[in-house]
Each structure stands twice: as structure tokens, then as C-alpha cells.
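Engineer: Provided below for reference: sequence and predicted model.
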Amino acid sequence: MKTLTLDTGALIALEQKRLRMWKVLHRAHELAMVPVVPANVVAEWWRHRSGIREPILASVSVEPLTEMLARLAGEALAKIKFATLNVDAAIVMASASQRGDVVYTSRAKDLAKLQAVFPGVRIISVFSSR
């Protein structure tokens, strides 16, 4: 099963009806790819309910935070000197690294710091044109 990982910024882009992110989501479904969202991302995003959040959430697979993912995230943060990253970013990368996913994010520069620990993960900004 092919997957891609969405972080909070990607969900916000979908909610704000940004065409680029909707094209990514539709194309993933056309290619039988499963968009994965770590559960901690849902918690960060789900602050206020809106009519579009339910359909967005129904179109992705929510991945639970397992002990293994939590440990991977913690180990990654420990390896990054002067890390200003948060646990959410590390969990997104740890989750994606398990499958070699592409991560769609609004914090590409921040997540790029974690690529030294998770080199198999490709990061794409929800704002870029590539």
C-alpha cells in the first residue's frame, strides 16, 4: 500500500480550499494512495469544528501514536543539536519514515532539519509549485 503523510499545515490548506493541496489529495486517491495523518496532527488541527473538517478527515487514514513512533520521534529530537522543533514535527517524520512517504507540510524548513535522521522521507511544501 502506497501512502503519503499530511501534517497540520496540509490539513489547514485543505480546509482553506487551497487548490494545490486538493489536487494532491485527489491525485493520491486516483493512484490508490492512502493519505495518512498522525493522530497528534488531528489533535493540533481540530480546534474548532467547521463543516469541511468532517469530509477532510473522512478522506484520510488517521494513524495512532504508538510507543514505537513516540520513541523514534524522541530519538530524532535528541540527535538534532539546538532543536527548536516540536514533538509533532518529529512524530510526522517518524511516521512517514516507516513507509518512505512524501510529507506535505507548511513547515518544510523545520522538517528538513529532521531529514538527517529520516533520510528516506521527501518533504514538499504545501505552498511550493513542485
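Structural biologist: The structure has been received and is ready for your questions.

Engineer: where exactly do the strands run in the chain?
Structural biologist: 3-6, 34-38, 61-63, 102-105, 122-125 (DSSP state E).

Engineer: In CSV: those, plus mean pLDDT.
Structural biologist: As requested, the strands of the chain are exported to CSV (pLDDT from 0 to 100):
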stretch, mean pLDDT
strand 3-6, 94
strand 34-38, 95
strand 61-63, 95
strand 102-105, 93
strand 122-125, 93
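
Engineer: Specify the stretch among these that is closest to residue 81.
Structural biologist: strand 122-125 (19.6 Å; CB to CB). Where C-beta positions appear, they are placed from N, C-alpha and C, glycine not excepted.

Engineer: Reformat the strands of the chain as JSON lines; add mean neighbour count.
Structural biologist: Below are these laid out as JSON lines (neighbours: other CB atoms under 10 Å):
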{"stretch": "strand 3-6", "mean neighbour count": "24"}
{"stretch": "strand 34-38", "mean neighbour count": "21"}
{"stretch": "strand 61-63", "mean neighbour count": "15"}
{"stretch": "strand 102-105", "mean neighbour count": "26"}
{"stretch": "strand 122-125", "mean neighbour count": "18"}
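
Engineer: closest to residue 77 out of those strands?
Structural biologist: Proximity to residue 77 (CB to CB) singles out strand 34-38 among the strands of the chain, at 15.1 Å.

Engineer: Which elements pack onto the closest one?
Structural biologist: If contacts are counted by 3 or more CB pairs under 8 Å, 6 or more residues apart in numbering; DSSP states H and E, strand 34-38 sits against strand 3-6, helix 19-30, strand 61-63, helix 87-97.

Engineer: Nothing else from me, thank you.
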